[in-house]
Structures are given as C-alpha cells and as structure tokens.
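Enquirer: The amino acid sequence is not available; the structure is as follows:
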C-alpha cells in the first residue's frame, strides 16, 4: 500500500489531486489523502470535490480529508500545492507525516521551494516540479480548470529513483499529463520565467491576459520582464534552450484572454498576502546579488509591494 498526501486543494492541488482520488478511490494499492481547511474541507467531506473543465465535470472522493496532519499518519509521498509564501510553515506542520523514505514534491510557482524543504528535511528525497495549469478554487468544494494546458514536469536534478518512477506511473494511470526528467532545473526556470513575468505584468497593469495582449505598452513590458528574468537565469548558470524567450512568448499568446494569473487574482480579491516576493521580488533580490540591472522588475516590484 502506498499513500499520497496532497497538501493544498486549490486550483493546482484540487485538479491533479482530484484526478488521483478519482482514479484510485476503490484501489487497495494507492490511497489518496487531501489536506484542506475551513469551509472548503467541510464541503469536500459532505459533497466530495467537484472538478469542472469546459463542459465536463467529475467528483473526487479522497480516502481521508482533514486539516490535521495527525489524521494521515506516515505517508509515502507529499505533494505540496500551497502558496510559495506558506511553504516553510506548511512543511514544518507535516513532521508527523514524514518517515525516512517520504518523498516531497512541491508544485509551487517559485524556484527555491525544494531548497527550502531540503533544509528542513535533509535526509529525505526532495523532488522539484512545476505545473502548467490555469485552475481556480471557485467555491468551497469546487475547482474549475480554465485553461488548455494541464501538465506536470518533475524530477531531481541528475538523479534516478524508483520512487519517482512509481509516482510518474501513478500520475499516468490517473490521466495526469506528467513528465519525469533528470534535467528539472531548466524546466523549473522555463516555468518560472513564464509565471514570474506574466504574474508581474498582469498584477502591475491590473489586466487579464487578453488585456495585456491588447495593450501595446503592456506587451512591451512583458517582453522586457521575460528578457530580464532570462538574464538572471544565465547569471545562475541555468542552461535553457536558445529559443526559450520565443517559446514563452508563444505560450503567453495561447492563453485564454479572460484568464489571469493567481497572483493577480489575489490582488483583485484584496488578499493581504500574495506571491509578489517569491515571483517578482526574487528576481530583484537575485539581481542585487549578481550586481545586475533589472529596471522593469525593480519598478514594478516597488509599486506592487505598496499596493
């Protein structure tokens, strides 16, 4: 028996966790647990988790749903789908779930999540991963996939491990579009450049993807952000494809016009905490470290942290 704990049942954790829970609900080999909270947890317990994508929907019923780590016991895999600013506090709360061979897989928007977890659990296997999906928690117990892409890329740099192979097989059995790679650093930065630049520009200009596309100055700002973020990756010796900037731009052009980033959504909702420090401030911080100029990031970051 293998048990998988998904922590944070929002847009990312809800969609991918929902696929896992649906696929293995009656399995005696794989058990899927959800860690959620408040009204969302109550709705999942009472009505299951409703996943909607375009004109299709399904219900997911985890084997255990709780907000108390003690209810899950020791687990084999922990998939973290919280906000990046919660990562250390959340990882600390999960101590009772961790055994010697527990594998962590963070699916967060930043680039240093695995590093932070490794500092707390140095003897465990800490994978790195990124999720390409535009999905939102639209109501307690309800997650809606708003985009055309929904895939996970994960792995440990230059490392093979049977536990990662197992998790990859489980993803595929559940219908999750997953890719296991030994060159995860490049994939993480490819995703980070995309999400950092788009989150920053949508939040700064207060526009959806369609609004950015229709605004010439906004589009120019996005290209500047992509360039500055790419240059920081080079400073950190991250090897990226030669056409990466154009690939990121093309991916942006494919986004649904009415959709936006999770960081922009948090600003719109008036949330006190956003991912601005991990998505925008991180680049400003790294630029200072390498004595490098990122004027567009710097200007937007100053505005955003004072919103």
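Expert: Yep, that arrived. A quick note: this is a predicted structure, and the numbers were derived from the prediction, not measured.
Enquirer: just checking, what packs against the strand or helix carrying residue 264?
Expert: Assigned by DSSP states H and E, residue 264 falls within helix 262-268. Judged by 3 or more CB pairs under 8 Å, 6 or more residues apart in numbering; DSSP states H and E, helix 262-268 is in contact with helix 184-205. (Each C-beta comes from the backbone N, C-alpha and C, glycine too.)
Enquirer: at 10 Å instead, please
Expert: On a contact count with 3 or more CB pairs under 10 Å, 6 or more residues apart in numbering; DSSP states H and E, helix 262-268 meets helix 11-24, strand 128-139, helix 184-205, helix 276.
Enquirer: How far away from the center of its chain is the first one?
Expert: Taking CA atoms, centre = their mean, to the nearest Å, the mean C-alpha location of helix 11-24 is offset from the chain mean by 14 Å.
Enquirer: The third one now?
Expert: With CA atoms, centre = their mean as the basis, helix 184-205 stands 11 Å off its chain's centre.
Enquirer: got the angle between that helix and strand 128-139?
Expert: 40 degrees (axes from the mean of the first three to the mean of the last three CA atoms, to 10 degrees).
Enquirer: Please work out the average pLDDT along helix 184-205.
Expert: What helix 184-205 shows for mean pLDDT is 95.
Enquirer: Name the next helix or strand downstream of it, please.
Expert: Using DSSP H and E, the helix or strand that follows helix 184-205 in sequence is helix 209-214.
Enquirer: and that following helix, which residues are buried?
Expert: Buried positions in helix 209-214, judged by neighbour count with 16 or more other CB atoms under 10 Å: 209, 212-213.
Enquirer: any idea of the angle the lengthiest strand in the chain forms with strand 128-139?
Expert: Ranked by residue count under DSSP state E, the longest strand found in the chain is strand 142-155. Angle of strand 142-155 versus strand 128-139, following the same axes, to 10 degrees, is 180 degrees.
Enquirer: could you give me the average pLDDT of strand 142-155?
Expert: 90.
Enquirer: following it, which helix or strand comes up?
Expert: Next helix or strand after strand 142-155 toward the C-terminus (DSSP H and E): helix 162-173.
Enquirer: That following helix packs against which elements?
Expert: strand 2-7, helix 11-24, strand 30-35, strand 77-80, strand 103-106, strand 142-155, strand 177-180.
Enquirer: any residues touching that helix, and which ones?
Expert: For helix 162-173, contacts defined as CB atoms under 10 Å, 6 or more residues apart in numbering pick out 2, 4, 16, 19-20, 23-24, 27, 29-30, 32, 76-77, 79, 101-103, 105, 125, 127, 129, 151-152, 154-156, 161, 176-182.
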